[in-house]
Every structure is written in C-alpha cells, then in structure tokens.
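Participant: quick check, what structure comes out for this input:
(one chain, ligands or ions: 1)
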Amino acid sequence: MLMTLLYQTHSPFARKALVVAKECLLDSLIEVVHHETSPVVRNEEVYAANPLGKVPVLIMDSGITLYDSNVICAYFDALSSGPKLLPDDPALHFTTLRLEALAQGICDAGIRYRTETERRPEGMRWQKYADGQAGKLLAAYEYLENSDDLDGPLNIGHLALGTALDWIVFRGLPGFESFPKLNDWYLTIIQRESFIQTQYSGQTFD
Ligand SMILES: N[C@@H](CCC(=O)N[C@@H](CS)C(=O)NCC(=O)O)C(=O)O
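Facilitator: I've put the predicted structure just below:
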C-alpha cells in the first residue's frame, strides 16, 4: 500500500504524523509532499483533500483521505506491527489521548500567540489575547513538570508533545527552560532518529 502525506516542514501537526509514521516503521510506504497553507491563502490541492484546507492529510491509494493529525497517527498505529504507541489498556489509552490533546493545545495556543504578535498586520494585533495564550502555555508546562504523563513506554502523546515543544523552540515562543524535568525530557526525546530526520524549517506565508 502506498500513501501520500500532504505535509509542511514547519507544521507541528504534520511533523507529529511523520514522526509517528517513522516510529511505526511505515515511512517507506509514504510519499511526503510539502504544501504551504494559511487561513488567508487557499491551497486548492489541500482543500481538495481536506475541506478545512489544513495539513497534514493522508491520501491512500484507494483514494480515501484521512485528517487531522490525531486520526492519521491512530491509523499509523493500527497499521504498525511494532510496539503499540496507543496502548490498548483503557486507562493508558485515554491518558495517552489526553496528553496528545494537551500537545495539540500547546500548538493551538502557540499559533494564536504568533498570530497576535507576528502574523496579523501591525495595528490589528491584540497583546492581551497574546498574553492569555502565553498563560496557557505556562500552565501546560507547569502541569507537565508535575505530572507523570512523561513517564512510561513511548506513546503517541509523548511524540505529540516532543514535536510540539520543538516547534515552540523553533518559533521562539514563550518557552519551558525554567521547568527542569520537562526541559530534560525534551532534550532527550529530540535525540530520537525520527526527530533528527524531520527538523523544522521554513516560514509561514499569510
Ligand atoms: N487539528 C489539526 C490542525 C492542523 C493545522 O492547523 N495545520 C496548519 C499548519 S500548522 C494549517 O494547515 N493551517 C492552515 C489554515 O489554518 O488554514 C491537526 O491536528 O492536523
């Protein structure tokens, strides 16, 4: 089976999907195609595959498309013959999904922060809104520093968090250097081959 991943070299969501594919040893089956996307510039090829116009999108040779990154990652894990990244045990399964949701929320807050500090034309930016998003990032880091979510065998939540934190660093957003446990965990996970092979690059064009 061959698949095409509509990707973006600076998207934390797209990178999460590709990192999970690599961890599931599926990447040789996937053609990765970079696409620029923005809420204000339509990419017709992406819209043809996902009515929300966002990457990542997985296009299978049957023509079926999958989005968003959470669904794509769950699909890769279902195809994988390796260790399960989405555990079957109900408690672990849902705490893994919760961590993935938290990582998604970190990216969402980071994108909103960037919108209000960099991406909107000057004069239309709202600092108070940006401060609110920075507060969410800080609260997420504090929670992670004091939770046991980082422990245990590698799972989809860990990979989502690693790609989210590395995107925070890549974009120079309010960071987590003052949280030693979280920072050490981050410095360890980015040493994985799946991370080394998928470094962020590029800019957003609005
Ligand atoms: N929840 C989605 C988010 C995807 C997303 O927001 N992708 C961004 C790139 S980082 C995008 O394509 N944005 C274009 C837009 O907002 O129109 C997922 O997890 O895949």
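
Participant: buried sites along the strand or helix carrying residue 187?
Facilitator: Under the criterion of DSSP states H and E, residue 187 resides in helix 180-189. By 16 or more other C-beta atoms under 10 Å, the buried positions in helix 180-189 come out as 182-183, 185-186, 189. For every residue, glycine as well, the C-beta is placed using N, CA and C.

Participant: residues in contact with it?
Facilitator: 141, 144-145, 150, 158-159, 161-162, 165-166, 169, 176-177, 195 (C-beta atoms under 8 Å, 6 or more residues apart in numbering).

Participant: next secondary structure element downstream of that helix?
Facilitator: Following helix 180-189 in sequence order, the next helix or strand is helix 193-196 (DSSP H and E).

Participant: remind me what that next one packs against, helices and strands.
Facilitator: The helices and strands touching helix 193-196, judged by 3 or more C-beta pairs under 8 Å, 6 or more residues apart in numbering; DSSP states H and E, are helix 12-23, helix 156-170.

Participant: now distance to the ligand, mean neighbour count and mean pLDDT too, for those, in JSON lines please.
Facilitator: Output for the helices and strands packed on helix 193-196, formatted as JSON lines (distance: least, C-beta to the nearest ligand atom, whole Å; neighbours: other C-beta atoms under 10 Å; pLDDT from 0 to 100):
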{"stretch": "helix 12-23", "distance to the ligand": "4", "mean neighbour count": "26", "mean pLDDT": "98"}
{"stretch": "helix 156-170", "distance to the ligand": "9", "mean neighbour count": "24", "mean pLDDT": "98"}
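
Participant: could those be laid out in CSV, adding distance to residue 37?
Facilitator: Shown next, in CSV, are the helices and strands packed on helix 193-196 (distance: least, C-beta to C-beta, whole Å):
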stretch, distance to residue 37
helix 12-23, 9
helix 156-170, 15
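
Participant: for residue 101, which of these is the nearest?
Facilitator: Closest to residue 101 of the helices and strands packed on helix 193-196, according to C-beta to C-beta: helix 156-170, at 8.4 Å.

Participant: could I have the CA atoms of that closest one written out in CSV?
Facilitator: Coordinates of each C-alpha in helix 156-170 appear next as CSV, following Å, rounded to 0.1, in the frame of the first residue of the first chain:
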residue,chain,number,x,y,z
ILE,A,156,1.7,8.9,20.8
GLY,A,157,1.2,11.5,23.5
HIS,A,158,5.0,11.7,24.0
LEU,A,159,5.6,12.1,20.3
ALA,A,160,3.0,14.8,20.0
LEU,A,161,4.5,16.6,23.0
GLY,A,162,8.0,16.3,21.7
THR,A,163,7.1,17.8,18.3
ALA,A,164,5.0,20.5,20.0
LEU,A,165,7.8,21.6,22.3
ASP,A,166,10.4,21.5,19.5
TRP,A,167,8.0,23.8,17.5
ILE,A,168,7.8,26.2,20.5
VAL,A,169,11.6,26.3,20.4
PHE,A,170,11.8,26.6,16.6
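
Participant: contacts for that helix, please.
Facilitator: Residues contacting helix 156-170 (C-beta under 8 Å, 6+ apart): 10, 12, 15-16, 19-20, 23, 73-74, 77, 85-86, 95-100, 102-104, 106-107, 110, 137, 144, 149-150, 174-176, 182, 186, 189-190, 192, 194-195, 200.
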